[in-house]
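>>> I need the structure of the sequence given here:
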Amino acid sequence: MLQNQYSDEFPEVRVIKGRANYPCKSWEWLYNLRKNEDAKNRKRTENYKPKTCEDCYKIAKNTKCNFEGVCEYKLAKKEALESTFACMNMAYFILAVPNEEVGFENRTLCIIDEAHNIEDTLMNHYTIEITKKRVEKLRKSLKEQKEVNFPKEKWNGILPVNFYFKDIINYAVDAAFENIYEGEADLLKFLKKTVYSDIKIILDKQLVSKDIFFMKVKNQKNLVNMSNLERKQKLINYSKMFLPSNYIDLSESETTRFMDSIEKYQKRIKNAITLFDDLYKIEEIQESGEMGAKWIPTHVERNYGKSVGTYLEKIILKPIDVKDLKEELFDQADFYILSSATLSKQHMKDLGFNEKNYAVVNVPASFPVKNRPLKVITEFNMNYENLNKKDYFKKAINKLDLILENHENERGIIHVSSNKLMNDIFKTSIHKNRMIKVTSNGNLIDGIESIDSGLYYHEKKNNSVLISPSLHTGVDFKDDKARFQIIFKVPFLAGDEQVSARRRKDPNWYFGKAVTQMIQSYGRTTRSVNDYSVTYILDKRALHYLKNDNFTPDWVKEAVIKYDTVEKALEDNLDNKTN
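You can find the predicted model right below:
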């Protein structure tokens with residue numbers, strides 16, 4: 001959405017998005033051809049399932065696309081490459097740019113908006129996740145029914161798993177070259193050609209010998225060389241955008257099965273390679289001696305039940321920080337401008353930048369401070385121990401209800417740090433009839449809306465209150481969409497192994513992340529010069545962090561007002577009038 005806004009406001013900007021955002025012209029052509037042929041034969045054509053450029057790229061990665069000249073992704077990329085100003089999201093820039101044959105490197109200037117998200121984007125890029133379900137699903141799809149020996153031990157168990165899965169490439173090759181259907185000499189040739197560039201990644205690592213690979217190919221018994229020129233021509237006309245013509249020799253009636261086979265078995269091999277590459281990275285990290293020092297494994301366990309015990313569901317491997325991993329982003333241009341309403345000295349430190357490496361330009365806030373008071377109420381300390389005291393929690397909810405009563409005819413937001421806290425507040429409040437529970441992955445069984453549906457119902461009622469852990473960023477509550485909001489507690493990160501290790505290494509990082517989320521929440525309302533709203537924070541700990549120069553920009557600090565009680569904050573409330 002933001003990319004489109006830039007191009008609308010600045011016509012010279014050219015936007016490039018990931019392939020998944022563009023329709024596949026080849027697939028449209030193929031569907032229309034099938035539809036015409038089925039009409040001639042009085043057959044019903046299946047409903048059209050649109051494919052994106054990303055889908056087509058995965059299916060026929062090593063095949064020239066005959067629709068390249070009209071491909072919306074290629075055209076958008078060409079325009080962006082030729083333009084002085086190209087606009088893309090950060091994930092595309094980090095992932096796609098260094099890996100494209102022709103990329104966007106060597107630019108004079110790179111501007112990164114919402115720059116407070118750089119660390120999280122890099123962290124997501126480098127995180128490795130191995131799940132039991134992912135492994136079992138792949139083994140099952142490869143017709144390997146043996147139980148997966150996922151380790152029940154802690155980290156020491158991962159290396160045997162790594163060696164154990166060297167065989168998975170053999171299974172992938174078997175599935176690609178055996179038991180599809182008779183008459184697939186050319187399918188074999190095609191797969192050998194197009195998949196080899198992926199398989200050779202494994203071969204180059206000497207995980208599967210080339211002799212074994214080609215012996216599997218050679219020993220197929222059910223492959224018949226079909227060299228009918230007429231059938232070959234029909235297939236070329238039918239699916240030429242996917243396949244090089246010299247590897248096509250199937251009848252027209254077999255085309256659909258042929259194409260499905262290519263997609264299915266290519267996908268299996270790619271899944272095997274992706275899984276193995278992740279395991280290979282883990283082995284490299286462990287052998288480098290960085291395990292525990294720079295990379296932290298987190299083990300997620302699930303209960304089978306009281307009588308059975310637990311099993312290891314997934315292993316997540318994250319770097320402690322991204323200071324040594326930021327080159328993918330910061331080696332693409334001569335100069336960088338990082339833009340954000342919440343970018344702090346702590347963010348720059350987290351990225352490994354010395355203060356001598358950058359200059360800071362502060363732009364004063366254009367919204368009057370009287371229209372956006374940030375009221376910190378020191379009546380409660382919302383730490384874990386206090387929130388688990390029934391009487392203490394009930395007293396806090398009584399004060400929250402008092403705020404809701406003061407805004408009985410206005411829409412608002414309650415920002416919480418978890419689904420559990422959201423549900424506990426909902427159950428305890430006397431104003432639950434006004435509340436709409438919202439999460440990014442809404443579950444209607446539990447009475448929780450998705451963000452989109454929650455916003456829809458929010459606008460239908462003139463005093464609804466959204467309660468959510470997911471509304472601190474990316475949502476606009478301008479004007480009467482929200483005249484007040486409550487931040488119930490300081491949103492500290494959940495303490496998995498990586499977070500705990502990082503906090504021990506740099507406590508300010510931990511506190512800075514919480515402050516950034518509070519400021520992002522604060523910024524959801526008062527969206528223009530004439531807009532107005534009031535924000536309440538019910539956790540006294542927020543005052544200390546919001547007054548810290550390392551965490552908080554001046555435009556936020558100037559809006560902070562301390563109150564001893566909720567009642568005093570309400571007495572001095574916003575007049576709700578603008579000039």
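>>> Chain neighbours aside, what residue packs nearest to Tyr392?
Asn386 (4.9 Å; C-beta to C-beta, 6 or more residues apart in numbering). C-beta: built from backbone N, CA, C; applies to glycine.
>>> Confirm the one you found sits in a helix?
Yes: counting by DSSP: H, G, I helix; E, B strand; the rest coil, Asn386 is part of a helix.
>>> What's the local residue count around it?
Neighbour count for Asn386, taken as other C-beta atoms under 10 Å: 15.
>>> do Lys281 as well
By other C-beta under 10 Å, the residues close to Lys281 number 14.
>>> check which helix or strand covers it.
helix 255-287 (DSSP states H and E).
>>> same for whichever helix or strand comes after that helix, what does it pack against?
For helix 255-287, the following helix or strand on the C-terminal side (DSSP H and E) is strand 295-305. With contacts taken as 3 or more C-beta pairs under 8 Å, 6 or more residues apart in numbering; DSSP states H and E, strand 295-305 sits against strand 309-319, helix 497-505.
>>> And strand 295-305, what's buried?
295-299 (16 or more other C-beta atoms under 10 Å).
>>> ditto for stretch 361-377
In stretch 361-377, counting by 16+ other C-beta under 10 Å, buried: 365, 367, 371-377.
>>> Closest one to Gly447 out of the residues you listed, please.
Ile377 (28.7 Å; C-beta to C-beta).
>>> Tell me, how many residues neighbour Pro491?
Neighbours around Pro491, by other C-beta under 10 Å: 24.
>>> host element of it?
Using DSSP H and E, no helix or strand contains Pro491.
>>> close enough to count as contact, it and Ile519?
No: judged on C-beta atoms under 8 Å, Pro491 makes no contact with Ile519 at a distance of 10.9 Å.
>>> wait, what's in contact with Val300?
312-316 (C-beta atoms under 8 Å, 6 or more residues apart in numbering).
>>> ok, back up a step: can you flag which of the buried residues of stretch 361-377 belong to helices?
Nothing among those maps onto helices, per DSSP state H.
>>> List the buried residues in the helix or strand encompassing Asp452.
With elements taken from DSSP H and E, the one containing Asp452 is helix 451-460. Counting neighbours by 16+ other C-beta under 10 Å, one finds that the buried residues in helix 451-460 are 451, 454-455, 458.
>>> That helix: what's the following helix or strand?
strand 465-468.
>>> Domain map for this structure?
Listed domain ranges for the chain are 1-88, 128-287, 369-571 (source: automatic domain parsing).
>>> Low-confidence ranges, the stretch 201-350 of the chain, go.
201-277, 279-280, 282-284, 286, 292, 304-312 (pLDDT under 70).
>>> quick one: the strands in this structure?
For the chain, the strands defined by DSSP state E occupy 13-15, 85-87, 107-113, 128-131, 295-305, 309-319, 333-339, 374-377, 412-415, 435-437, 465-468, 484-487, 534-537, 560-563.
>>> closest one to Glu119 among those?
Checking those against Glu119 by C-beta to C-beta gives strand 309-319 as the closest, at 10.5 Å.
>>> What residues sit buried inside stretch 463-470?
So for stretch 463-470, counting by 16+ other C-beta under 10 Å, buried means 464-470.
>>> For Lys505, see how far away Lys399 is.
37 Å (C-beta to C-beta, to the nearest Å).
>>> coming back round to it: make JSON lines from the strands of the chain and add distance to Lys395 to it.
Shown next, in JSON lines, are the strands of the chain (distance: least, C-beta to C-beta, whole Å):
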{"stretch": "strand 13-15", "distance to Lys395": "51"}
{"stretch": "strand 85-87", "distance to Lys395": "50"}
{"stretch": "strand 107-113", "distance to Lys395": "42"}
{"stretch": "strand 128-131", "distance to Lys395": "41"}
{"stretch": "strand 295-305", "distance to Lys395": "34"}
{"stretch": "strand 309-319", "distance to Lys395": "37"}
{"stretch": "strand 333-339", "distance to Lys395": "42"}
{"stretch": "strand 374-377", "distance to Lys395": "13"}
{"stretch": "strand 412-415", "distance to Lys395": "17"}
{"stretch": "strand 435-437", "distance to Lys395": "19"}
{"stretch": "strand 465-468", "distance to Lys395": "19"}
{"stretch": "strand 484-487", "distance to Lys395": "15"}
{"stretch": "strand 534-537", "distance to Lys395": "16"}
{"stretch": "strand 560-563", "distance to Lys395": "16"}
